[in-house]
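Asker: The following comprises the amino acid sequence and a computationally predicted model.
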Amino acid sequence: MPDAPTTSGSAGQATLSDTPLVVAIDGPSGSGKSSTARGVAERLGLANLDTGAMYRAAAWLAMHEGLDLADTEGVARLVEAADLRLELDPAHQDVTINGHDVTTAIREPAVSAAVSAVATNLDVRANLIARQRQIIAEAPDGIVAEGRDITTVVAPEAPVRVLLVADPAARVARRHAELGEHVDAEAVHDQVVRRDRDDSTVAAFHDAAPGVTVLDSTDLTLEQVVDAICALVPPAFDPAVAR
Ligand SMILES: Nc1ncnc2c1ncn2[C@@H]1O[C@H](COP(=O)(O)OP(=O)(O)OP(=O)(O)O)[C@@H](O)[C@H]1O
Ligand SMILES: Nc1ccn([C@H]2C[C@H](O)[C@@H](COP(=O)(O)O)O2)c(=O)n1
């Protein structure tokens with residue numbers, strides 16, 4: 001975790017921070033975190049960490065190895081030993097685990113349906129949170145990290161912290177449009193509403209922690225959401241402003 005930003009320069013003059021910018025985005029399923037984080041990272045030239053992809057890769061590996069996901073100790077041991085690699089370029093978000101390229105496989109419905117069982121495993125969470133903190137601390141040019149507990153647990157000191165929300169009906173409709181109208185409503189409901197219910201037992205992403213900006217994307221375009229988050233960046237981190 002980078003230290004709090006420090007600035008130097010004569011009084012009254014904004015100068016650049018000595019520490020890289022961290023933008024933390026949390027929110028429920030379908031609120032637009034991944035799309036928004038990618039857009040902000042591209043706009044500001046930052047790396048992009050999709051922490052949900054880490055939980056998905058962990059779930060994929062446990063299923064691939066034939067583990068019972070209810071075997072919390074066995075799953076945690078597997079994840080702790082796993083070689084998990086993520087590309088942080090917002091345009092290339094490839095994910096490999098133990099040498100398997102799982103970039104596409106982790107988006108399959110079977111993984112979406114099972115991932116909460118792994119994300120609610122507290123030993124798995126402890127391991128992945130430590131990895132996430134290390135990735136953020138080592139991002140030389142700053143990073144946008146999104147998930148469910150980035151603003152509260154992984155990077156509570158981030159200079160920009162946003163809870164991205166949207167009406168449940170909008171979130172379900174977005175997910176349905178993404179998956180295709182051939183997917184039945186029950187499966188979409190499971191991916192959004194049931195998953196949020198399970199995931200919220202271990203991460204608080206329905207209410208904003210103190211200091212976290214709530215942004216409702218229900219009636220905003222993706223570009224408007226990206227604009228709103230970029231506007232929260234303190235001048236000391238914005239090369240165009242800090243001179
Ligand atoms: N502001 C927006 N307006 C309309 N559609 C949006 C907006 N933001 C995102 N979307 C669309 O909604 C869908 C869900 O977005 P996205 O995957 O970014 O959400 P998410 O919060 O990361 O979800 P999850 O946590 O389940 O992965 C995508 O199809 C995306 O293109
Ligand atoms: N920081 C995080 C990120 C994700 N999760 C859980 C929530 C989901 O069930 C799963 C996959 O996330 P998605 O790709 O849908 O955003 O991982 C979490 O608990 N904490």
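Answerer: Thanks, I have the structure now. Not measured: the values here are computed from a predicted model. Ligands and ions are numbered 1, 2, ... in the order given.
Asker: When you work out contacts or count neighbours from here on, use the C-alpha atoms and nothing else.
Answerer: Will do.
Asker: I'd like to know which residues of the chain are adjacent to ligand 1.
Answerer: If contact is defined as CA under 6 Å from any ligand atom, the residues of the chain in contact with ligand 1 are 28-35, 174-175, 178, 217, 220-222.
Asker: which one of these is nearest ligand 2?
Answerer: Within the residues of the chain next to ligand 1, the smallest distance to ligand 2 is 6.0 Å, found for S29 (CA to the nearest ligand atom).
Asker: Could you find the residue nearest the spatial middle of the protein?
Answerer: With the centre of the chain defined as its mean C-alpha position, the nearest residue by CA atoms, centre = their mean is E146, 2.1 Å away.
Asker: Apart from its neighbours in sequence, what residue is nearest that one?
Answerer: In space, and not counting its chain neighbours, E146 is closest to I25: 4.5 Å by CA to CA, 6 or more residues apart in numbering.
Asker: So for the helix or strand containing the residue nearest to the centre of the chain, mean pLDDT?
Answerer: In this assignment (DSSP states H and E), E146 forms part of strand 143-147. In this model, strand 143-147 has a mean pLDDT of 98.
Asker: Can you give me the buried ones in the next helix or strand after it?
Answerer: Past strand 143-147, further along toward the C-terminus, the next helix or strand under DSSP H and E is strand 160-165. The neighbour-count check on strand 160-165 (16 or more other CA atoms under 10 Å) flags 160-165 as buried.
Asker: How far does strand 160-165 sit from its chain's centre?
Answerer: The gap between the average C-alpha position of strand 160-165 and the chain average comes to 11 Å, counting by CA atoms, centre = their mean, to the nearest Å.
Asker: List the neighbouring strands of that strand plus their orientation.
Answerer: Strands flanking strand 160-165 in the sheet, each with its direction: strand 22-26 (parallel), strand 213-216 (parallel) (DSSP bridges).
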